[in-house]
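A.B. asks: Below is the sequence, then the predicted model.
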Amino acid sequence: MQSPNTAERLEALARLLDPPDFDYRDRLAELSEALTASEHPSAILLERLGNALELLDPTEIQELHLKTFDLAPACIPYLSVHLFGEESFRRSQLMVGLHEAYERIGHETHGELPDHLGVVLDSLDRLTAEEAIDLHRFALIPALLKMRSGLEKTGNPYRYLLGAIELYLLHEFGPAEGEDAAP
């Protein structure tokens with residue numbers, strides 16, 4: 001069962017995947033505090049991300065984000081790449097299905113592909129419950145596991161953000177098929 005603030009929090013998590021700007025740390029701290037106040041289990045991971053980023057200046061944070069999400073294929077933010085590979089009929093099917101769902105609900109992708117993690121997170125509260133649960137179980141959680149695994153090996157601080165997103169989704173939507181472990 002989703003909590004009343006789920007839509008706002010999903011949007012805030014999605015915005016943390018955007019390239020960092022001058023208020024990135026403030027947005028991170030605000031979300032972390034809100035989740036801490038509601039005793040959400042994902043708060044601790046956002047706090048860890050904040051602590052890791054405190055050691056970096058704004059330019060270093062931007063460079064880290066660029067290297068993590070744009071230049072490192074192990075953590076490219078497109079779910080279907082992690083699920084099906086770059087060239088796959090199933091990837092195309094997912095993209096077309098997402099595009100059609102977004103058109104139906106009036107969801108904008110702002111120039112991103114429909115399977116971008118931030119775009120998908122931002123759409124979950126507007127999709128039907130069945131669509132949201134299916135995306136959660138069959139796309140989001142499996143892709144997040146792969147993405148986070150790649151970052152765990154390198155110690156990249158953004159592993160905390162991916163872990164927080166995963167834990168948030170697990171808490172709000174329940175475990176994915178065959179999944180019961182938290183990050």
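C.D. replies: Structure's in. What do you need?
A.B. asks: how about low-confidence regions in the protein?
C.D. replies: Filtered on pLDDT under 70, the chain yields the residue ranges 1-4, 176-183.
A.B. asks: hey, where'd the strands end up in it?
C.D. replies: Taking DSSP state E as the criterion, the chain carries no strands.
A.B. asks: If you count neighbours, what's buried in stretch 128-148?
C.D. replies: For stretch 128-148, a neighbour-count test (16 or more other CB atoms under 10 Å) marks 131-132, 135-137, 139-145, 147-148 as buried. The C-beta positions use only the backbone N, C-alpha and C, and glycine is treated the same way.
A.B. asks: which one among these gets closest to residue 92?
C.D. replies: Proximity of the buried residues of stretch 128-148 to residue 92, judged by CB to CB, is greatest for residue 139, which lies at 14.1 Å.
A.B. asks: before we move on, back to that, in the buried residues of stretch 128-148, find the pair that's most separated.
C.D. replies: 131 and 148 (23.7 Å).
A.B. asks: any idea how far residue 106 is from residue 18?
C.D. replies: 21 Å (CB to CB, to the nearest Å).
A.B. asks: got the buried residues of stretch 128-148 as a markdown table, with distance to residue 87 columns?
C.D. replies: Output for the buried residues of stretch 128-148, formatted as a markdown table (distance: CB to CB, whole Å):
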| residue | distance to residue 87 |
| --- | --- |
| 131 | 25 |
| 132 | 28 |
| 135 | 22 |
| 136 | 25 |
| 137 | 24 |
| 139 | 18 |
| 140 | 22 |
| 141 | 23 |
| 142 | 19 |
| 143 | 17 |
| 144 | 22 |
| 145 | 22 |
| 147 | 19 |
| 148 | 24 |
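A.B. asks: closest to residue 154 among those residues?
C.D. replies: residue 148 (11.2 Å).
A.B. asks: re earlier: residue 18 and residue 106: who's more crowded?
C.D. replies: Set residue 18 next to residue 106 and count neighbours by other CB atoms under 10 Å: residue 18 wins out with 14 against 7.
A.B. asks: Please name the residues that touch that one.
C.D. replies: Taking CB atoms under 8 Å, 6 or more residues apart in numbering, we find residue 18 in contact with residue 118.
A.B. asks: ok, residue 7 - how many residues close by?
C.D. replies: Neighbours of residue 7 (other CB under 10 Å): 14.
A.B. asks: Perfect, that will be all.
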